[in-house]
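*Asks:* The following comprises the amino acid sequence and a computationally predicted model.
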Amino acid sequence: MFNPSSELVGAGLQVMAYGLVGVFTVLILFYLVTKAMVSIFTKLDVRRKARLENR
Amino acid sequence: MQGLIDSLSIGLSEFSYLNLVMFAIAGILIYLAIAKDYEPMLLLPIGFGAILANIPLSSAITEEGFLTVLYNSGISNELFPVLIFIAVGAMIDFKPLLQNPFMLFFGAAAQFGIFATMMFAIFLGFDLKEAASIGIIGAADGPTSIYVAGIFAPEYLGPISVAAYSYMALVPIIQPPVVRLLTSRNERLIRMDYKQVEVPRIVEILFPIMITVIAGLLAPISVALVGSLMFGNLIRACGVLTRLSNAAQNELANLVTLLLGITIGSTMTADKFLNLDTLMIMGMGLLAFVFDTAGGVLFAKLMNLFLRHKINPMVGAAGISAFPMSARVIQRMAKDEDPHNFILMQSISANVAGQLGSIVAGGMILALVPMILLSMN
């Protein structure tokens, strides 16, 4: 106890670094996809409503 | 006659002070559940399960005992946590997040506690898998903690679950001092604009599908976690499965929670629970929540260096998964500083992002730990 091997600490640091980068990467992708979906479908919605009003 | 007396007193003769200590711990859990309303749906069954497991020669935990059967069929194969995820997914409304997707970043930042606590556990002498399981308490998400611990450190399932659910209930006590310590009064007074954005229904339906596909492609091991949560959410969002959605939110959630709790309680036998490791796990669980809160707040402060419209850094603390408690705590703190400051919607968005962030972090841990261990050998 209180004396972990440097190999284990290194492995822990790798999990920490890759883990945090991974979580941020995945959530940034979620962000981009969400923004794109909201933007695309909002525009389509507006067009659809405009088309209906013109009828 | 003597044989009858012997057989009737066999339980008493095997009873030791360790069983008594475990009864006391179980009693505390049941007390907290009933008197303090701390996660009663989990802590009460866990407490009673611990009593059942600590009665000497208990028939509930023999090889064919019902708790052993439940453990083998629901915990060791991860079925119960996955079913809970379906139920939780059906309960989550992602609309606040879809209206304000920027808050997803706080759902990522507030997972810092998982990794910081994992490092702390390594320094205390736990191996990588155990340390990762302890760190995941910082997901502030019971089912994720159970899922990861069940795979990496089943021997610590009891203390990890108890820590996860206890500290989730203690969020109103844990978060405010950390937030106050890391923010100035001026920062806590920051007001944030809120624009009501109309989210097309198709986006609500596509969101769980897209999230599952993205997360699954990046970390296939997370598919069970993310996929079940998103399946539950799709049932809710699609709008044509109201009965199934209600069943997932009520019957499924209640039944599986009941079985999950009592089964976890059954793992808390004196020989496994009464040791220094348990105390350390409880301590590190608290630390994980503190680190999570600090991670969210500090990330918000970092963002403020670059943003024109400043974020109230307290919102960052709501990026943990304890929903909706954390968001409410942050709104209450904002109101204490300025009765007219309303940041509940932003906090709710960050809180929902935290629910997503916690399972992504769980998936990352599940993917990375075996990979890195393999590269060490």
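*Replies:* Ah, there it is.

*Asks:* list the contacts for B:Gly150?
*Replies:* With contact taken as CB atoms under 8 Å, 6 or more residues apart in numbering or on different chains, B:Gly150 is in contact with B:75-76, B:78, B:81, B:157. For the C-beta atoms, the positions are set from N, CA and C on the backbone; glycine is no exception.

*Asks:* What's the local residue count around residue 24?
*Replies:* Picking chain A for this. When neighbours are defined as other CB atoms under 10 Å in any protein chain shown, A:Phe24 has 19 of them.

*Asks:* my bad, chain B
*Replies:* Residue crowding around B:Ala24 was assessed by other CB under 10 Å; the count is 10.

*Asks:* Same check on the one 4 residues further on?
*Replies:* Counted with other CB under 10 Å, the neighbours of B:Ile28 add up to 13.

*Asks:* And B:Gly3, by the same measure?
*Replies:* B:Gly3: 7 neighbours (other CB under 10 Å).

*Asks:* quick one: which helix or strand includes it?
*Replies:* helix B:2-14 (DSSP states H and E).

*Asks:* How about residues contacting that helix?
*Replies:* The contact list for helix B:2-14 (CB under 8 Å, 6+ apart) reads B:55-57.

*Asks:* By neighbour count, which of those wins?
*Replies:* Counting neighbours by other CB under 10 Å, the top entry in those is B:Ile55, with 16 neighbours.

*Asks:* pLDDT score assigned to that one?
*Replies:* In the prediction, the pLDDT value recorded for B:Ile55 is 93.

*Asks:* show me the contacts for it.
*Replies:* For B:Ile55, the contacting residues are B:11, B:19, by CB under 8 Å, 6+ apart.

*Asks:* returning to what we had before: just the contacts of B:Gly150 now: which is nearest B:Ile30?
*Replies:* Distance to B:Ile30, by CB to CB, is smallest for B:Leu157 among those, at 19.2 Å.

*Asks:* Following element in sequence after the host helix or strand of the closest one, please.
*Replies:* Counting by DSSP H and E, the secondary-structure element that holds B:Leu157 is helix B:157-169. For helix B:157-169, the following helix or strand on the C-terminal side (DSSP H and E) is helix B:171-182.

*Asks:* For whatever helix or strand comes next after that following helix, the averaged confidence score.
*Replies:* Along the chain past helix B:171-182, the next helix or strand (assigned with DSSP H and E) turns out to be helix B:185-188. Averaged over helix B:185-188, pLDDT sits at 93.

*Asks:* Show the secondary-structure elements that helix B:185-188 is packed against.
*Replies:* Using 3 or more CB pairs under 8 Å, 6 or more residues apart in numbering or on different chains; DSSP states H and E as the contact criterion, the neighbours of helix B:185-188 among helices and strands are helix B:325-337.

*Asks:* Sort out which residues of the helix it packs on are buried, please.
*Replies:* Buried positions in helix B:325-337, judged by neighbour count with 16 or more other CB atoms under 10 Å in any protein chain shown: B:325-331, B:333-334, B:337.

*Asks:* Repeat that for stretch B:216-224.
*Replies:* Neighbour counts using 16+ other CB under 10 Å place B:216, B:218-219, B:221-224 of stretch B:216-224 among the buried residues.

*Asks:* Write out the residues of chain A neighbouring chain B.
*Replies:* If contacts are counted using CB under 8 Å from any CB of the partner chain, the residues of chain A sitting beside chain B are A:1-4, A:7-9, A:11-16, A:18-20, A:22-31, A:33-35, A:37-38, A:41-42, A:44-45.

*Asks:* Any of the residues you listed buried? List them.
*Replies:* A:4, A:8, A:11-12, A:14-16, A:18-20, A:22-24, A:26-27, A:29-31, A:33-34, A:37-38, A:41, A:45.

*Asks:* Show me the residues you listed that map onto helices.
*Replies:* A:8, A:11-12, A:14-16, A:18-20, A:22-24, A:26-27, A:29-31, A:33-34, A:37-38, A:41, A:45 (DSSP state H).

*Asks:* can I assume B:Val297 is in contact with B:Val178?
*Replies:* Yes: counting by CB atoms under 8 Å, a contact exists between B:Val297 and B:Val178, whose distance comes to 7.4 Å.

*Asks:* Between those two, which contacts overlap?
*Replies:* Common contacts of B:Val297 and B:Val178, defined by CB under 8 Å, 6+ apart, comprise B:Ala317.

*Asks:* quick one, which of the two is more surrounded?
*Replies:* Summary of the neighbour comparison: B:Val297 and B:Val178, criterion other CB under 10 Å, with B:Val297 having more neighbours (30 against 18).

*Asks:* so who does that one touch?
*Replies:* B:Val297 neighbours (CB under 8 Å, 6+ apart): B:178-179, B:182-183, B:313-314, B:316-317.

*Asks:* for B:Leu104, same thing?
*Replies:* Counting by CB under 8 Å, 6+ apart, B:Leu104 makes contact with A:27-28, A:30-31, A:34, B:97, B:353, B:356-357.

*Asks:* ok, so of those, who is nearest B:Ile365?
*Replies:* Using CB to CB, B:Gly357 comes nearest to B:Ile365 of these, at 12.4 Å.

*Asks:* excluding its backbone neighbours, what's nearest the closest one?
*Replies:* B:Gly107 (3.4 Å; CB to CB, 6 or more residues apart in numbering or on different chains).
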